[in-house]
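Peer 1: model this:
(2 chains)
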Amino acid sequence: MRTLTKIDGDSSRARRELHDHIQGSGPLSRHTVDSHGQRQAGAPSFHESAEKHVTGKAAYIDDLKAPSDALHVALGLSPVAHGTLTAMDLEAVRQASGVVDVITFHDVPGHTDIGPVFPGDPIFVDQEISYAGQCLFAVAATSLQAARRAVTLAKLSFDEQPASLDPVIAAERNEVVRPTHVQQRGDWHAALSQAEQTIEGELFVGGQEHFYLEGQACLVLPTEDEGVIVHTSNQHPSETQKLVAEVLDIPFHAVIVEVRRMGGGFGGKETQASPWACVAAIIARRTGKATRLRLPRSDDMRATGKRHPFHNRYQLAVDTQGVIQGGDITVIGDCGYSPDLSDAIVDRAMFHADNAYSLGSARVTGHRAKTHTASNTAFRGFGGPQGMMIIEAAMDDIARKIGEDPLTIRKRNFYRKGRDVTHYGQQVDQKQLLHTLVETLEKSSGYWARREAIKSFNTNSPIIKKGLALTPVKFGISFTAQHLNQAGALLHVYTDGSILINHGGTEMGQGLHTKICQVVARELGLDLDSVRISATRTDKVPNTSPTAASSGADLNGMAARDAASKLRERLFDFAAMHFEGGLDREGMRLENGMLIAGIAESERRIPWGELVQTAYLNRISLSENGFYATPLIHYNRATGQGRPFYYYAFGAAVAEVSVDTLSGEYLVDRVDVLHDVGNSLNPAIDIGQVEGGFIQGMGWLTSEELKWNTKGALVSDSPATYKIPTFGDLPPIFNVELLEGHPNSMASLYRSKAVGEPPFMLGICVWSALRDALSSLTDYRVSPHLDTPATPERVMLAANAIRDKSL
Amino acid sequence: MATIEFLLNGTPIQCNVPPDTSILTLLRDHLGITGTKEGCASGDCGACTVAINNQSDSQSRFLSVNACITPAHQLHGQHVITVEGLATDGNLHPAQRAMIECHGSQCGFCTPGIVMSLFTLHANQQHPPSPLTPEMLEATLGGNLCRCTGYRPIRDAALSMQDYAWEAPPWFDASQPAREPIQGSKPTANDGAFFVQPTTLAELTDARRRYPDARLVAGATDLWLENTQRLTALNQLIDVTRVAELGQIEQATFQTQPGWWVGAGVTYTQLKPLLDMHFPTFSHLLHRLGSQQVRNRGTLGGNIANASPIGDTPPVLLALNAWVELTRHDDTRQLLLSDFFIDYKKTALAADEVISRIFIPQLADLATLRVWKLSKRREDDITAVLGAFCYRINNGILQDVRIAFGGMAATPKRASRTETALEGQPVSKASFQAAQRALAEEFQPMSDVRGSQYYRQQAALNLLERLYLSLSSPNQEVMLHAYAH
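Peer 2: Numbering: from 1, shown residues only, chains lettered A, B, ... in the order given. Modelled structure (predicted):
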């Protein structure tokens, strides 16, 4: 198998290889000239904004110039988690220096519930308070400082009630935001009762703060009619358009939402960017002034939802070889106070409770617990990672019980011929790919030799213990809400031959705009510099889906391709008829900025610019719409069966760690990743997604710890107390490769695969390696309990619980 | 309000801003220059990193600082470089080119800060060129959070930027002609705001006496959060960073002990060479104290005056039996540091006093200092538990044992009962078991966001066990060296 680029500790070698690839020696060279020349889909082009990023010219929301009388908004957030707002005296707030407007629940002209899918999210508290950080009122002032200081002058009275913070208790009491859902296939009960052995366990999987570097922000400009233009850092402009219109009680066409780029999203700006746009829009309409709303970091962390914490349990029937025959898995998602996207998120946790393994005859139950915290929301993986954790925990547990290496147990349980239907009824396509990928990584990472070396090291090292783990990822690609699997694009060709593409997806750093430009360049045989992308706007491509579920390029790329290919065919038809002597319509193609017809001596070449000019003069439309809807997918919630995913993306990673079992401190010494993106649309961007996803997933399971006090207030509400990975957490050896030679078996965009979310779950191998190191304290007989995040505190306490006391 | 004058990317700027204006606010809100980003406004993410020229040190031409928590008034007479300044005539700086070539930006929001940190590394590598080590990269970039890339391409950019030729633009060597420090507007009935910059200790103590309500500001790495996070107006500020006496390090003998008087205004970065030479384990701790941006600003005096129970240097200084010198306009007194901390955030410092110097005694012959910090993240994190152990072993007997902990009590505190349990005892399991019992009795730490009470207790006991093992099995690895030495 060929691999594309090897990025490892020897970065000069990695750069050389990348350079070779750019020069055309790489396997995708047929699409590639060089990184500065014709950079079409398949090439490792730079991010379209890279130069603007490094020079500070890339504008984010708070960098946009606004009129000098623009207002700045600060929010009054509830300090209590549960209770009733009994009085709110805002007189001193109104009188404060610089204050122009103060609004509350009663000042909302239209809808007051801005729940994105299901109702339940009031724009402001009316009376009932559901979490600490919930929005009570908003202050607009001439400066942000003035607005923030005014907020502190509010006189608030509460009837505070105890906060419900334990999702397990909530689920037991049936305090849920949505009904429980069950997926079941085969007789799980019989499987358990007839099992050769059963094994069970439970695991708390912590949540995660998005910590996008650019916090929630918007700038709203009132228009000359009843509407607004909303600049927002936002993954779902169409939903913001809808909610702003509903809150203002105006038609959707009076609201334009524009997103040029986000300073990070990760799911945190899918539904939770809208409330701020709604608040700012109300103020902009009331005052007639441009209105900025940017959440200070700690307000952002307290007011917005996070990745759902989960409590998971499993009981599995396994045979003597450790192969799962069936069982029962329960996942309880801590949804916070309202539904938001939790139904789909807990569903996705359930869809991934098998990860890469056949569960046999199994039941998977998912509860959506309601607690008094911010409404937890989308975050890269969307519940999938939390679901996967329970089966990966089980793999390690089975291995210790059977006395085999965890990798052996994992491989035995992989989906394979005869065991290839998931508990929700989807047949796993490309299952052999998983075996190939893992076997390749097993060899390239030297897993078994290192396993022996580590065992021998551990024998002679009582305090420092090394651990090793390989974990796979199988991640389903598609929105599980079927209607979201659609996308549109709008393509303009101007008479100088330059091209402007617009589509429904948003750019949050993932390189989507770069890939879309590459798609158009490839379809039209042009240099990438000929194609420019414009900000995502609801008045260009309407009714769009969120940029989420890893689907940005899959959906919008197909729509852009559809637009480009329709335009191309129109130009071909025109050229065949128009040009002197007629051109051979069959075999006509666009390459290197030329329309080429015929072959050999009959070949005719017409430069792109001339073609476009001629078409224009002959009144041929040079603008085109594109559209795409994913075929084949369906899911029946009543039966819990269907084919929710168009395809699966695969990957695997190996981590080696060193653990100080006295202090709980640890280091990730080496990581090897092999990841499947089908035929890569842009290897450089895809590797960036794999590496970034891995580190973010590792952070989720290691240092990123959310903590609330007993009254329900978030105490990890700043980067001083919430620790995402930093430079030194990058493993010194980090080998990341894309699996080559395995195009998507489905007819996706150039046979590529989605890459946004799947690599996040590669980080699970770090947690499993920590457990492996701890298990060595018991000569691998005990599978240590290790909830996440596995902070040094948790690792030390786990070690203390099992190690031989030397003192 | 006083006028401040400084160079911005080589261009002279004059402006009037309130004393509690940060460089970031000055740039973005007053000057409308928005390349420098706000990620957290608390000095934790590095998105706002800018570079300030460093006239005092030819080895470090530029210092990275967090613009969000650096007072704009301290720019007076300085030269600040922002991301807008790096590219000249369309020619990108090597840090910028390398970041593009290595695909080092994704969402791009942290990128200007990362480029500026790389710029300081690049600039300081020129004088003189030295090979990059992993430690240097960590030190340079540990304070710049990136949520997208996972840092690998940024590491590659750091390693490759020296490959690009670069001709220093004119601003590179520009320095502001020496200016008088801001003398500050005098407090008036209408507007009590001022920012004074005394240049001598006498002027400082005089200002302290005359304006007892004013706040002292040095690196502002903690003080400024009162403004950005708690919205406190910091209208009356006395800047200690220009006081000559406070910036000095002198070898001396005090109370018959050889050692060093370290000015309270000496930054961690300035202190590092001394620690490298004489207290390598203390120096290693500095690597894990804040970020480079914080170490370039934070001072030893500030860390002590702050009196946080989780400040990093006080437990070490306690174990070293350091002294503080407190000065008022007409008097100077020296105090053992252990007598300085009274209760939570309460110290012996009187309202009209300043910390002028700290005396760090040299380690006695055969004495050893161990410093072990536990935190959630290895770099740029605040301590959960920090243990500092100083001792001498004479014929197998522990002597002159001084142990101090951070994160275990309301103040940084000596573990006196634990010391007693070990003093004069052999290095044996029994001695350390006794010490663990004493330790368990003398501290009742609290639970907070950084760790539970139980964890803190267990961790402190385990650090004693680590000490025992490191003494009894010297050939056995008992800690991870990236964390501790």
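Peer 1: Show me how the chain divides into domains.
Peer 2: Assuming you mean chain A. Here the domain parsing of chain A from automatic domain parsing is A:64-162+A:210-303, A:172-202+A:312-428, A:436-479+A:655-807, A:481-634.
Peer 1: was after chain B, sorry
Peer 2: Split by automatic domain parsing, chain B gives B:1-176, B:243-485.
Peer 1: For chain A, what's its nearest residue on the stretch 251-400 of chain B.
Peer 2: residue B:377 (4.0 Å; C-beta to the nearest C-beta). To be clear about C-beta, it is placed using only N, CA and C from the backbone, and glycine gets the same treatment.
Peer 1: neighbours around the nearest residue to that residue once chain neighbours are set aside, how many?
Peer 2: Distances taken as C-beta to C-beta, 6 or more residues apart in numbering or on different chains place residue A:723 nearest to residue B:377, at 4.0 Å, with adjacent residues excluded. The tally of other residues near residue A:723 (other C-beta atoms under 10 Å in any protein chain shown) stands at 28.
Peer 1: quick one: pLDDT of residue A:723?
Peer 2: On pLDDT, residue A:723 comes in at 98.
Peer 1: wait, residue A:306 sits on residue A:209?
Peer 2: Yes. Counting by C-beta atoms under 8 Å, residue A:306 sits close enough to residue A:209 to count as a contact (5.3 Å).
Peer 1: Overlap of the contact sets of the two?
Peer 2: Shared contacts of residue A:306 and residue A:209 (C-beta atoms under 8 Å, 6 or more residues apart in numbering or on different chains): residue A:706.
Peer 1: and the residue lying closest to residue B:375 once chain neighbours are set aside, helix, strand or coil?
Peer 2: Sequence neighbours aside, residue B:381 is the residue nearest to residue B:375 in space, at 3.9 Å (criterion: C-beta to C-beta, 6+ apart). Per DSSP: H, G, I helix; E, B strand; the rest coil, the secondary structure class of residue B:381 is coil.
Peer 1: what sits against residue B:381?
Peer 2: Going by C-beta under 8 Å, 6+ apart, the list of residues near residue B:381 reads A:723, B:288, B:375.
Peer 1: Could you list which residues are in contact with the residue in chain B positioned nearest to chain A?
Peer 2: Residue nearest to chain A within chain B: residue B:35 (2.2 Å; C-beta to the nearest C-beta). Residue B:35 makes contacts with A:55-57, B:82-84, B:112, as judged by C-beta under 8 Å, 6+ apart.
Peer 1: For residue B:27, report the pLDDT, please.
Peer 2: 98.
Peer 1: Phi and psi next, for it.
Peer 2: phi -70, psi -50 (degrees, to the nearest 10).
Peer 1: Show me what residue of chain A gets nearest to chain B.
Peer 2: Closest point on chain A to chain B, by C-beta to the nearest C-beta, is residue A:56, at 2.2 Å.
Peer 1: quick one: low-confidence ranges for chain A?
Peer 2: Applying pLDDT under 70 to chain A flags residues A:1-39, A:804-807.
Peer 1: Determine which residue of it is most distant from the centre point.
Peer 2: Most distant from the centre of chain A: residue A:581, at 53.4 Å, with distances by C-alpha atoms, centre = their mean.
Peer 1: Now do the contacts for the residue nearest to residue A:320 when sequence neighbours are not counted.
Peer 2: Closest residue to residue A:320 apart from its sequence neighbours, by C-beta to C-beta, 6+ apart: residue A:196 at 5.6 Å. Contact partners of residue A:196, counting by C-beta under 8 Å, 6+ apart, are A:317-320, A:325.
Peer 1: Buried ones among those?
Peer 2: With burial judged by 16 or more other C-beta atoms under 10 Å in any protein chain shown, the buried subset of these is A:317-318, A:325.
Peer 1: Which ones among those map onto strands?
Peer 2: Judged by DSSP state E, the subset of these located in strands is A:317-318, A:325.
Peer 1: which among those residues gets closest to residue B:117?
Peer 2: Nearest to residue B:117 among those: residue A:318, at 51.0 Å, using C-beta to C-beta.
Peer 1: and the gap between the residue nearest to residue B:375 and residue A:719?
Peer 2: According to C-beta to C-beta, to the nearest Å, residue B:381 and residue A:719 sit 10 Å apart.
Peer 1: same thing with residue B:12?
Peer 2: 35 Å.
Peer 1: In terms of neighbours, single out the busier of these two.
Peer 2: Neighbours were tallied for residue B:12 and for residue A:719 using other C-beta under 10 Å; the higher tally belongs to residue A:719 (25 against 12).
Peer 1: residue contacts, the more buried one?
Peer 2: Per C-beta under 8 Å, 6+ apart, neighbours of residue A:719: A:211, A:297, B:39-40, B:42, B:44-45, B:145.
Peer 1: Next, count neighbours for the nearest residue to residue A:97 once chain neighbours are set aside.
Peer 2: Distances taken as C-beta to C-beta, 6+ apart put residue A:146 closest to residue A:97, at 6.0 Å, once the chain neighbours are dropped. Residue A:146 has 19 neighbouring residues, counting by other C-beta under 10 Å.
Peer 1: what about the helices in the stretch 351-500 of chain A?
Peer 2: A:384-402, A:406-413, A:431-444, A:447-459 (DSSP state H, counting those that start in this stretch).
Peer 1: would you turn those into JSON lines with distance to chain B?
Peer 2: Output for the helices of the stretch 351-500 of chain A, formatted as JSON lines (distance: least, C-beta to the nearest C-beta, whole Å):
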{"stretch": "helix A:384-402", "distance to chain B": "16"}
{"stretch": "helix A:406-413", "distance to chain B": "23"}
{"stretch": "helix A:431-444", "distance to chain B": "18"}
{"stretch": "helix A:447-459", "distance to chain B": "10"}
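Peer 1: Kindly compare burial across those and name the winner.
Peer 2: helix A:384-402 (a mean of 25; mean count of other C-beta atoms under 10 Å in any protein chain shown).
Peer 1: so what does that helix touch, helix or strand wise?
Peer 2: strand A:197-205, strand A:310-318, strand A:324-334, helix A:342-351, helix A:406-413, strand A:464-477, helix A:764-775 (3 or more C-beta pairs under 8 Å, 6 or more residues apart in numbering or on different chains; DSSP states H and E).
Peer 1: what do you get if the cut-off is 6 Å, keeping everything else the same?
Peer 2: Under the contact definition 3 or more C-beta pairs under 6 Å, 6 or more residues apart in numbering or on different chains; DSSP states H and E, helix A:384-402 sits against strand A:197-205, strand A:310-318, helix A:342-351, helix A:406-413, helix A:764-775.
Peer 1: Of all these, which one is nearest residue A:508?
Peer 2: helix A:342-351 (18.7 Å).
Peer 1: ok, residue A:534 touching residue A:502?
Peer 2: Yes. Contact criterion C-beta atoms under 6 Å: residue A:534 and residue A:502 qualify, at 5.1 Å.
Peer 1: Which of those two has more residues huddled nearby?
Peer 2: residue A:502 (23 against 15).
Peer 1: Now for the more buried one: which residues touch it?
Peer 2: Contact partners of residue A:502, counting by C-beta atoms under 6 Å, 6 or more residues apart in numbering or on different chains, are A:490, A:534, A:540-541.
Peer 1: Confirm residue B:276 sits in a strand?
Peer 2: No. Applying three-state DSSP, one finds residue B:276 to be helix, outside a strand.
Peer 1: Buried residues in the top helix by length along chain B, which are they?
Peer 2: The longest helix of chain B (DSSP state H) is helix B:453-472. Using 16+ other C-beta under 10 Å as the test for burial, helix B:453-472 gives B:455-471.
Peer 1: mind listing the strands for the stretch 251-400 of chain B?
Peer 2: Per DSSP state E, counting those that start in this stretch, the stretch 251-400 of chain B carries strands over the ranges B:257-263, B:323-328, B:331-336, B:341-343, B:346-347, B:354-361, B:367-374, B:385-394, B:397-406.
Peer 1: Buried deepest among those strands, which one?
Peer 2: strand B:354-361 (a mean of 25).
Peer 1: Contacts for it next, please.
Peer 2: By C-beta under 6 Å, 6+ apart, strand B:354-361 touches B:208, B:254, B:257, B:259-264, B:300-301, B:305, B:320-325, B:327.
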